[in-house]
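In: Got a predicted structure plus its sequence, pasted below:
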Amino acid sequence: MSESIDRRQFLQSATLAATAATAVTGAVAGTALAAEAKAGAKPVSQHPGPMTRRWTEQRWLLDNTIRSVGMDWDQPRSVYLSAPCGPQAAADFAALRARIQKYADAAPAFEAAAKRREGVAKAALEAGDTVTARENYFIAAIHWGAAQWPIDEANAQNQLYNTRKRECYGAYAKLAEHRVEEAWIPMPSGLRLPAWFHLPPRYAGGRIPVVISVPGMDSFKEMGVSLYGDRWLERGLAVLAIDGPGQYEAPLLGVFFSMPAWQAAGKACCDWLAARSEIDAQRIGISGASFGSFFSTIAAAYEPRLRAVAVSAVCHEPGFHTIFEEASPTFKMRFMFMSGFTDEARFDEFRKTMTWEGHAERVRVPYLCMAGEHDELSPLEHTERLLKALKGPKRWVVYQDSRHSVGGVPSANLGPNPAVHVADWMVASLAGKIGPSEKWFVTATGQIVRTPL
């Protein structure tokens with residue numbers, strides 16, 4: 001049996017059996033396509049999944065690593081998936097960590113958790129318990145999105161999970177304590193980016209600032225705003241949470257990653273926001289995490305209406321050799337799907353064009369960068385070069401001993417909280433309060449050592 005066939009069977013066997021038993025694939029996927037077409041999106045036909053040399057050679061090592069250290073082997077996935085759900089989801093993720101012992105376990109484990117939460121939500125809604133219903137619909141949507149993560153092709157399984165995610169999040173939106181709207185952002189290609197638009201709970205009219213929330217490679221727009229106590233909404237900012245070109249739902253609709261696509265994405269989002277009566281078009285910011293740090297930078301380089309840029313967990317290495325060739329082989333396969341490639345050699349040529357060089361020099365607005373001292377996915381020397389290229393005021397905050405996902409170390413626990421600092425900085429920057437260009441090194445004792453930048 002070939003490694004390719006083995007991978008497909010591992011990833012799909014459990015979920016395809018359940019799908020066949022309930023006979024929902026065609027019906028639900030068809031409903032999704034019809035709904036997306038009605039909204040103006042254009043789904044694409046099934047996209048075959050990529051396959052890389054390192055995946056074939058290192059699959060055994062990957063599964064042994066997961067069995068040894070758990071589902072968070074490459075990044076704290078269970079932490080950042082759980083965070084927007086709040087403490088109620090803690091037991092879910094404890095069970096998921098116990099169940100996921102190899103890569104193939106991820107999709108069926110999250111599917112089972114999603115189905116359970118969705119069932120609780122429906123029962124609560126029928127009983128008139130709307131708060132319980134909205135909480136469980138939200139958590140179910142997060143689980144359905146997480147179930148999509150291991151699937152690097154636009155097959156029926158991925159479409160099914162995406163549909164269930166949208167249905168659960170849409171049900172949550174109707175019950176949310178703040179205003180949540182489905183949004184579709186027109187792109188020059190004629191396709192549309194999927195998004196959710198949020199207004200603060202205490203919004204009472206008038207024009208307010210907004211932040212465009214850009215997820216990373218392995219996260220999605222439904223995670224962009226927390227169930228309760230969201231850092232942006234609590235500070236009076238609206239949020240446009242997007243899946244940008246190549247991200248999660250976007251490739252299922254034919255919107256793949258490319259440099260021109262992200263150059264256009266910032267303008268498309270600003271055009272959409274400027275047409276909203278609730279939004280102050282002079283106070284639009286953008287915030288991206290992980291690969292979103294690269295995407296946000298490119299978007300800001302080509303859209304001057306983006307007045308502040310905040311990024312964290314950096315991905316700034318031109319060509320991205322480290323994350324694609326030295327880290328988990330899942331990263332490269334994921335990004336090949338995101339950019340519409342199945343041939344590894346062709347992708348290797350394509351990724352040479354992925355760089356901020358020649359683009360970041362156009363950014364003249366305040367720029368905040370949060371990074372771990374020992375980022376294993378993007379050497380900080382590239383971030384340092386990027387910051388030198390920027391033309392506007394900047395702050396570079398480096399946390400001692402932290403890795404790519406900033407946090408989980410004494411410097412982040414005792415010093416400025418990374419997520420809170422980003423939110424406070426964004427509010428101040430959109431209000432015109434600009435600090436000096438500095439590098440902050442946060443020590444293990446929480447002290448900040450400032451040097452000019």
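Out: Yep, it's here. Residues are numbered from 1 along each chain as shown.

In: Can you check the distance spanned by stretch 296-307, start to finish?
Out: Its start and end residues considered, stretch 296-307 measures 12 Å (C-alpha to C-alpha, to the nearest Å).

In: What residues sit buried inside that stretch?
Out: Residues of stretch 296-307 classed as buried under the neighbour-count rule (16 or more other C-beta atoms under 10 Å) are 296-303, 305-307. Using the backbone N, CA and C atoms, a C-beta is placed for each residue, glycine as well.

In: again with stretch 311-324
Out: Buried residues in stretch 311-324 (16+ other C-beta under 10 Å): 311-318, 320, 322-324.

In: Could you identify the pair within these that is furthest apart?
Out: Ser312 and Phe324 (20.4 Å; C-beta to C-beta).

In: taking the buried residues of stretch 296-307 one by one, which sit in strands?
Out: Using DSSP state E, the members of the buried residues of stretch 296-307 that fall within strands are 306-307.

In: Could you chop the protein up by domain?
Out: The chain is divided into the following domains under automatic domain parsing: 1-176, 178-318+355-453.

In: Highest mean neighbour count out of those?
Out: Stretch with highest mean neighbour count among the domains of the chain: domain 178-318+355-453 (a mean of 20; mean count of other C-beta atoms under 10 Å).

In: Kindly export the longest strand along the chain (C-alpha atoms) in CSV.
Out: In the chain, taking DSSP E as the definition, the longest strand is strand 279-289. Provided in CSV are the C-alpha atoms of strand 279-289 (Å, rounded to 0.1, in the frame of the first residue of the first chain):
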residue,chain,number,x,y,z
ILE,A,279,-17.4,52.4,11.2
ASP,A,280,-15.0,55.3,11.3
ALA,A,281,-13.0,54.8,8.1
GLN,A,282,-10.2,56.9,9.5
ARG,A,283,-9.6,54.3,12.3
ILE,A,284,-9.1,50.9,10.7
GLY,A,285,-6.4,48.6,12.1
ILE,A,286,-5.3,45.1,11.2
SER,A,287,-3.9,42.4,13.5
GLY,A,288,-2.5,39.1,12.4
ALA,A,289,-1.0,36.1,14.2
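
In: Looking at that strand now, give me its mean pLDDT.
Out: The pLDDT scores in strand 279-289 average 98.

In: That strand pairs with which strands?
Out: With DSSP bridges as the test, strand 279-289 is paired with strand 208-214 (parallel), strand 306-312 (parallel).

In: so which of those strands gets nearest Phe197?
Out: The nearest among these, by C-beta to C-beta, is strand 208-214 at 8.8 Å.

In: follow-up on the earlier one: would you turn the domains of the chain into TSV with distance to Gly340?
Out: Listed next are the domains of the chain as TSV, based on distance: least, C-beta to C-beta, whole Å:
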stretch	distance to Gly340
domain 1-176	7
domain 178-318+355-453	4
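
In: closest one to Thr330 among those domains?
Out: Taking C-beta to C-beta, domain 1-176 is the member of the domains of the chain nearest to Thr330, at 6.8 Å.

In: and the closest one, average pLDDT?
Out: Averaged across domain 1-176, pLDDT comes to 79.

In: How confident is the prediction for the residue most central in space within the chain, by pLDDT?
Out: Per C-alpha atoms, centre = their mean, the C-alpha nearest to the average position across the chain is that of Pro215, at 2.4 Å. Here, the pLDDT recorded for Pro215 equals 97.

In: can you redo the strands paired with strand 279-289 as JSON lines with distance to Ala173?
Out: Shown next, in JSON lines, are the strands paired with strand 279-289 (distance: least, C-beta to C-beta, whole Å):
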{"stretch": "strand 208-214", "distance to Ala173": "16"}
{"stretch": "strand 306-312", "distance to Ala173": "25"}
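
In: Leaving aside the residues adjacent along the chain, what's closest to Asp271?
Out: Pro186 (7.8 Å; C-beta to C-beta, 6 or more residues apart in numbering).

In: Now do the phi/psi pair for the one you found.
Out: Dihedral angles of Pro186 (phi, psi; degrees, to the nearest 10) stand at phi -70, psi 130.

In: hang on, it packs against Trp272?
Out: Yes - using C-beta atoms under 8 Å, Pro186 is in contact with Trp272, at 7.4 Å.

In: Confirm that Trp73 sits in a helix.
Out: No - read with DSSP: H, G, I helix; E, B strand; the rest coil, Trp73 is coil and lies in no helix.

In: my read: it touches Asp63, true?
Out: No - contact criterion C-beta under 8 Å: Trp73 and Asp63 do not qualify, at 10.0 Å.
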